[in-house]
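1. turn this into a model:
(2 chains)
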Amino acid sequence: MIQLPRLRAKCYDRIELIHRPDVHRIYLDHNATTPPAPDVVDRMAAALRDEFGNPSSVHHFGQRAKAALDEARAAVAALIGADPSEVVFTSGGTESDNFAIRGAAEAIEVTGRRHVLTTGIEHEAVVNTVKALGRRGWRTTVLAVDQTGIVDPEAVEAAIDDTTSVVSVMHANNEIGTIQPVAEIARRVRARGVVVHTDAVQSVGKIPVDVKALGVDLLSLSAHKFYGPKGVGALWIRRGLRLTPLLAGGRHERGRRAGTENVTGIIGMGVAARLAAAHLRDEATRLSGLRDRLEEGVLRAVTGTAINGARAPRVPNTTNISFDRIEAESLLIALDLQGIAVSTGSACSSGTLEPSHVLRAMGLPPHRTQNSIRFSLGAATTEADVDRVIAVLPEVVEKLRGLSRVPARA
Amino acid sequence: MRVVVAMSGGVDSSVAAALLQEQGHEVIGLSMQLYDHRGDQPFGSCCSIDDLHDARRVAASRGFPHYTVNFERQFQETVVANFVGEYAAGRTPIPCAHCNSDLKFATLVDRALGLGAPVVATGHYARVDRGEDGRWRLRRGVDRGKDQSYFLFSLTQAQLAHAAFPVGGLTKEEVREHARRLELRVADKPDSQEICFVPGGDYASFVADRMPDAPRAGAIVDMAGRTLGSHDGVHRFTIGQRKGLGVSAPAPLYVLRIDADSGRVTVGPRDALAQATLTASDVNWIGGEPPAGWVPVTAQIRHRHQAAPGRVRALPDTRAEFVFDVPQAAITPGQAVVFYDDDVVIGGGWIANAR
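-> Numbers count the residues shown, from 1 in each chain, chains lettered A, B, ... in the order given. Now for the predicted structure:
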């Protein structure tokens, strides 16, 4: 476990500042973001002060920042079984996805390959990057997934041809947590000259991720999904693969990502990567136990519930549950008022909720794409938290279903 | 008490929320997203993404929770569809009243109850209280210049039992003073004027773009039936309209009647606009039951109309007939007619026709 007592304390101290300090808050939205681990916070505070130098500078201050950068790069590389020289730091998962797909598609364009393929359950960063290429004349394919939420590797293979340049399939899905057969997809299509990218933002830190075992060419990760800071991520680029950079500028990150490095953020990511590697297996066991407890408890305590994606392999911390005759939006708000933070669908610009495109891609009927809630557990989650959710849910759901009415005011 | 406050991001609902909180209630701010803000269509000033930000920031500054809920689909299906359909049928709709009745109170009360809140508050200038018979009453706001009870005529007893209008007893200036005292960032925000979903106030193009059928073109005729000109769609006209008729005459001409079936638009002099009798449909009687026989009331036939005396009686099928003591200009089908006893709303409905 990642120093649970300290993490809990810090996490809740901060959350309680917002409102209603009397409410004991349970954070079950770790797929949205995680609270930075105390070690991360401490190291970053020191880094802001002490490693302020520009890593490109020749003098002592620059060297010191550069050394911290190298250390962080080694830690991130170790977490995913990569060589440090293959890791490029970015501003986060979205930039990594953009860079991977656009950078590869544009670099390969000269060979005449102008077809990119992805799936219907990807994060918007991938979906919209592929769409943007489509508007610029690339042929694009978006594959559906089956009812369990899994992409069929055979279908991927069948959908590519000699013009295909990039295939992008996420590793773990953010909404339902299903783990995609990325290794098998890579095995089938790389031999045909296709570059394979995987968005591993939701799997890194939750399950072992090894770039060699996956056999892909490009892998995106984001620090704040594994107890690091926001605004920093990385793209792993297989050695020898050339990408067209997104940004014009200096020769930072071996000429692959211009702009003075986010030194403090990168240092934080390095600490988070080290913690994740050290605690990965224990945490996975602990969280899958809690997740199973939550699922069993909810299915037992609340009528008209079903787990989405339960028949596929999943990351250990995530469950997505549909509640019959409930609008997910209302359930989310009702739970928040009870101090339980969960999520649903994808948030858009104003923070409202929309039908889940992931559940839609799985072929679920419309009502089930609008009544599902994601619970994503993490380092701060305890058995008591899970039991409280199971205890609170039946009454909340009953009220929303209109089974127990609130009296009018006097 | 836990109270859900429908927050538009304007000064009225912001003050409503802050005052309730100040009175010790547990306030939950709710804003409705009514259309897709990611599109590139420039929308009007009300309920835009800036307004949602304003609502959220007011809630944050006062320290109560705020949520934006997605009503895009319902808004399209009810308010926008009705707006387009009414113009296409030669009537002049008021979407704000439909939004209140078909969307806000129809859904927010249920949502609030689901969240354990027995009260939904809005920033409307209107008052709700209980009469001697124990029934809920809807009354005009204290600030007559800002009164919005006209837009709320469709509220039922069940809805009024859960409704609160915290600024209804205040004047607009008092509301702004409260906003300044509470240091709300929206204290000096201008009132919204145009219909929120029509960019630039160009109703005709908005409607034409969304009509299921081609615009109903036709003739512009005088009261004797003589053709004076032609037009390319009845949705461009409203009763009492003088500009944009495209016909020249020695004296000003006004739109008197719009017949969507034939496409015929009848025009005439100003004094021909006056009519005394109207029929209303989908009438809601706030007390719960329609009155027996003719009842003397005052009636307001549009937002800015000075309510005028007359008598009303209920007709079958939730309709009503109303006769003004003195004929009124431009009784416009599609607008609401709201009946008052002094400042108490007796009921109201949609103007179907006038004669």
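
2. please verify my assumption that A:Arg393 contacts A:Val298.
-> Actually, residue A:393 is Leu. It isn't Arg. Yes. Using C-beta atoms under 8 Å, A:Leu393 is in contact with A:Val298, at 6.1 Å. Bear in mind the C-beta positions are built from the backbone N, C-alpha and C, glycine included.

3. what are the buried residues along stretch A:163-175?
-> By neighbour count with 16 or more other C-beta atoms under 10 Å in any protein chain shown, stretch A:163-175 contains the buried residues A:Thr164, A:Ser165, A:Val166, A:Val167, A:Ser168, A:Val169, A:Met170, A:His171, A:Ala172, A:Asn173, A:Asn174, A:Glu175.

4. secondary structure element for the nearest residue to B:Asp51 once chain neighbours are set aside?
-> Of all residues not flanking B:Asp51 in the chain, B:Gly9 sits nearest, at 3.0 Å (C-beta to C-beta, 6 or more residues apart in numbering or on different chains). Using DSSP states H and E, B:Gly9 maps to neither a helix nor a strand.

5. thought B:Gly9 was touching B:His66?
-> No. Here B:Gly9 does not reach B:His66: they are 10.4 Å apart, not a contact under C-beta under 8 Å.

6. so what's A:Ala183 up against?
-> Listed by C-beta atoms under 8 Å, 6 or more residues apart in numbering or on different chains, the contact partners of A:Ala183 are A:Ala213, A:Leu214, A:Gly215.

7. emit the ChimeraX select command for whichever of the residues you listed are buried.
-> Remark: buried members of these, expressed as a ChimeraX selection using 16+ other C-beta under 10 Å:
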select /A:214,215
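
8. distance of B:Glu77 from B:Leu34?
-> Per C-beta to C-beta, to the nearest Å, B:Glu77 is found 12 Å from B:Leu34.

9. which one of those two is surrounded by more residues?
-> Applying other C-beta atoms under 10 Å in any protein chain shown to B:Glu77 and B:Leu34 shows that B:Leu34 carries more neighbours, namely 23 against 13.

10. in what element of secondary structure is the residue nearest to the more buried one when sequence neighbours are not counted found?
-> Closest residue to B:Leu34 apart from its sequence neighbours, by C-beta to C-beta, 6+ apart: B:Phe75 at 4.2 Å. B:Phe75 belongs to helix B:72-75 when assigned by DSSP H and E.

11. elements contacting the following helix or strand past that helix?
-> On the C-terminal side of helix B:72-75, the closest following helix or strand by DSSP H and E is helix B:81-88. Applying 3 or more C-beta pairs under 8 Å, 6 or more residues apart in numbering or on different chains; DSSP states H and E, we find helix B:81-88 packed against helix B:95-98, helix B:203-210.

12. nearest to chain A, out of these?
-> With C-beta to the nearest C-beta as the criterion, chain A lies closest to helix B:95-98 of the helices and strands packed on helix B:81-88, at 20.6 Å.

13. using CSV, write out every CA atom in the closest one.
-> The C-alpha coordinates for helix B:95-98 follow below in CSV (Å, rounded to 0.1, in the frame of the first residue of the first chain):
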residue,chain,number,x,y,z
PRO,B,95,-40.4,29.6,-25.0
CYS,B,96,-39.5,30.8,-21.4
ALA,B,97,-43.0,29.8,-20.2
HIS,B,98,-42.7,26.5,-21.9
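
14. after that helix comes which helix or strand?
-> On the C-terminal side of helix B:95-98, the closest following helix or strand by DSSP H and E is helix B:105-114.

15. ok, the helix or strand just after that following helix near chain A or not?
-> For helix B:105-114, the following helix or strand on the C-terminal side (DSSP H and E) is strand B:119-121. Yes. Residues of strand B:119-121 contacting chain A under C-beta under 8 Å from any C-beta of the partner chain: B:Val119.

16. in the helix or strand just after strand B:119-121, what counts as buried?
-> Next along the chain after strand B:119-121, taking DSSP H and E as the criterion, comes strand B:126-130. Buried residues in strand B:126-130, counted by 16+ other C-beta under 10 Å: B:Ala126, B:Arg127, B:Val128.

17. understood, closing this out.
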